[in-house]
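# Have a look; sequence and predicted model below, questions after that.
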Amino acid sequence: MSQLSVRHLLGIKDITEADIELIFQTADHFKEVLNRPIKKVPSLRDITIANVFFEDSTRTRLSFELAEKRLSADVINFSASGSSVKKGETLLDTVNNILAMKVDMIVMRHSSVGAPHFLSRHIKANIVNAGDGTHEHPTQALLDSFSIREKLGDLARKKVAIIGDILHSRVALSNIFALQKLGAEVMVCGPSTLIPRYIGELGVKVEHNVRKALEWCDVANVLRIQLERQQGKFFPSLREYTLYYGIDKKMLDSLNKEIVLMHPGPINRGVELSSDAADSGHSIILDQVENGVAVRMAVLYLLASAKG
Amino acid sequence: MQKRLIVPHALLRIMLQRLCHQLIEAHGDFSNTVLIGLQPRGKFLAHRLHKLLQEITGKNIPLGLLDTTFYRDDFRRRESPLAANATSIDFLVENKNVVLIDDVLFTGRSVRAALDAMIAFGRPAHVELLVLIDRRYQRDLPIEATYVGQRVNSLATQKVLVEWQSPESAEDAIWLISKTEEV
């Protein structure tokens, strides 16, 4: 198979295991391209991509922009701050205006759940969801699974613990879908206030003790405490969170086993992860960032070749 | 479908020997020459020639494999997209003599893509093309091979199949395949 079953990447929930495998195989080839003296291929030279970010982003946006440029696409960037969105323009109007400038693909981040799904029903361009509210962040989950596959060879029957703020995390949900499709076992770990009540229905284990979670897992994906989304009081203080859920090198070393440590960034150093843990040999955090460009190139390339 | 044998096993073996000696004549001790096989089908020929050349010369000759999928000019124009293959070139072609190797030269479009793709590994001094079969009068682009196993007259609707010995096929041979109604 050399084609995706979808023409938008809205979420991991909508794609198949074969789609994920195809994205990974294509990303392997792009990773090789990124290690050449000239890190660029002409595949998308006739394509224009708009990066439409209604919410702040550093890593994802840079990674997408670099992936687009490495594929020779023309790129325009849009961020909601300093735009007509502030003057009251609707999402559909904003996007239709961008599309009127002959844009072929939209990479969008939006704070509302389902915003890219809504757009996909109204516009013809291919859409890549770069994060919609607390719902999905498919390319992050793909690059996380790709990085685990690179490190451990395979995801089947691997045990992955997602630790931290599960409630507000789109990374957690997309990761759960991706890992389960690839045959891994998933556990979520965090204070009960930050774990959605019905998450067990997705078939994941729930644990509230971080040490037990670390003892169980092969891979720990530690999530950021989303300070900007804590509207209620979910835990008494950051200090207390760190005390109960923070991970440091001493704790990792005391497990006496190989463990892969991941974080989607940005890290709150000294909160969910101590510096010595984040920079330790267990960590593949910078590999995740490197793989992000290759995986996003694969997604854009495969969507561009999708018919429909 | 009709399958006609155009190069039998024994002839193919002589052909490979001849191509090797032509390469040695032109490149001497291969001190500044690298071989690059074009994915997917040129890989088998490249490996075969590489092995023969090393046996004859006793030299260690660099061999790489180049995939041209991302450089093709028919991306988004084909009915079903092409799947990419691995590229493995662990040397730079800067100032080297490069011999590109493919099994069949047809429209010349893959070779054009390969020339583009190769530039990502440096600026070569000299580039040559070696093919087993040159399908005459079928070129879309002004591209010709430096070394040719055999020239073949064929229709655009026909297909040339180079079979290498493997679990699926008993021995090496080259076939011309036509749909029955066209013969």
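Thanks, I have the structure now.
# Show me where the chain has its strands.
Since no chain was named, I'll use chain A. Under the criterion DSSP state E, chain A contains strands at A:48-53, A:74-79, A:105-110, A:126-132, A:159-163, A:185-189, A:205-207, A:219-222, A:260-262.
# that's the other chain; I wanted chain B
Read by DSSP E, chain B holds these strands, from start to end of the chain: B:2-7, B:33-38, B:63-66, B:97-105, B:126-136, B:147-153, B:159-163, B:173-178.
# Of all the ones you listed, which one comes closest to chain A?
strand B:63-66 (10.8 Å; Cβ to the nearest Cβ). Bear in mind the C-beta positions are built from the backbone N, C-alpha and C, glycine included.
# Does anything pack onto that closest one? Which helices or strands?
Strand B:63-66 sits against strand B:33-38, helix B:42-57, helix B:109-118, with contacts defined as 3 or more Cβ pairs under 8 Å, 6 or more residues apart in numbering or on different chains; DSSP states H and E.
# Pull up the residues of chain B that are close to chain A.
Residues of chain B lying close to chain A (Cβ under 8 Å from any Cβ of the partner chain) are B:67, B:69-71, B:75-76, B:80-88, B:92, B:116-117, B:119-122.
# Would you mind checking these for buried ones?
Buried subset of those (neighbour count, 16 or more other Cβ atoms under 10 Å in any protein chain shown): B:67, B:69-71, B:75, B:81-82, B:84-85, B:87, B:116-117, B:120-122.
# Now the two most distant members of those.
Taking Cβ to Cβ as the measure, those span a maximum distance of 28.9 Å, between B:81 and B:122.
# check contacts around the residue nearest to the spatial centre of chain A.
Per Cα atoms, centre = their mean, the C-alpha nearest to the average position across chain A is that of residue A:140, at 1.6 Å. Residues near residue A:140 by Cβ atoms under 8 Å, 6 or more residues apart in numbering or on different chains: A:60, A:131, A:170-171, A:174-175, A:264, A:292.
# which one of the residues you listed is nearest chain B?
Of those, the one sitting nearest to chain B (Cβ to the nearest Cβ) turns out to be residue A:292, at 18.7 Å.
# So what's the residue count around that closest one?
By the criterion of other Cβ atoms under 10 Å in any protein chain shown, residue A:292 has 27 neighbours.
# So it sits against residue A:139, correct?
Yes - using Cβ atoms under 8 Å, residue A:292 is in contact with residue A:139, at 7.3 Å.
# who in chain A is up against chain B?
Within reach of chain B by Cβ under 8 Å from any Cβ, chain A has these residues: A:1-3, A:25-26, A:28-29, A:32-33, A:36-43, A:46, A:301-302, A:304-305.
# related to what we said a few turns ago, tell me which of the strands of chain A is the most buried.
Among the strands of chain A, ranked by average contacts under mean count of other Cβ atoms under 10 Å in any protein chain shown, first place goes to strand A:219-222 (a mean of 26).
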